[in-house]
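[1] Everything below, folded, please.
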Amino acid sequence: MPAPDLIVVEADAAQRQVIEANAAVIGHTLRSGALVQADALPAGSVPFVVSGVTFALAVGGLIDLAAERARLAKEIAALAADAGRIAKKLDNADFVSRAPAEVVEENRERLAEAEAARSRLDGVLQRLSSLV
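    Below is the predicted model of the structure:
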């Protein structure tokens with residue numbers, strides 16, 4: 001599979017000149033395809049900023065976006081279910097009063113980890129959804 005093109009979206013004239021002069025080194029270092037200039041972010045690309053220059057990698061053709069969105073949605077649902085089970089346990093006053101403190105604390109940590117992971121994956125899914 002060919003490497004994705006490196007797209008320069010926003011750069012001033014001096015930055016573009018440096019980028020073009022070093023295109024071969026940049027492409028080799030990043031293992032990207034051709035260096036392409038664009039006025040707007042192309043669909044199916046992932047943007048990133050380096051030293052004030054906005055670049056993008058066209059990854060839409062490299063990943064099955066629908067399959068990846070489905071995989072992320074499934075993982076988010078599993079994390080939500082796990083967090084729901086743990087929260088239900090922690091909401092049970094009888095469990096909290098009878099369980100050893102370390103077990104209650106362990107469940108609180110697991111809940112926090114599941115919620116943090118879910119939040120991260122929600123962000124990834126939103127960014128991925130914006131590619132199409």
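[2] Could you use CA atoms for every contact and neighbour count after this?
    Will do.
[3] Spatially, what comes nearest to residue 59 if we skip its sequence neighbours?
    Excluding its sequence neighbours, the residue lying closest to residue 59 (C-alpha to C-alpha, 6 or more residues apart in numbering) is residue 45, at 5.4 Å.
[4] Kindly tell me how buried that neighbour is, as a neighbour count.
    By other C-alpha atoms under 10 Å, the residues close to residue 45 number 22.
[5] what's the weakest-modelled helix or strand in this structure?
    In the chain, the helix or strand scored least confidently by mean pLDDT, DSSP states H and E is strand 45-50, which has a mean of 80.
[6] Pull the distance from that strand to the chain's centre.
    Offset of strand 45-50 from its chain centre (C-alpha atoms, centre = their mean, to the nearest Å): 12 Å.
[7] Tell me which other helices or strands it touches.
    Contacts defined by 3 or more C-alpha pairs under 8 Å, 6 or more residues apart in numbering; DSSP states H and E place strand 45-50 against strand 53-58.
[8] Could I get the full set of helices for this protein?
    Counting by DSSP state H, the chain has helices at residues 13-21, 23-30, 65-91, 93-98, 101-129.
[9] Which among those helices is found nearest to residue 57?
    Nearest of those to residue 57, taken as C-alpha to C-alpha: helix 23-30 at 10.3 Å.
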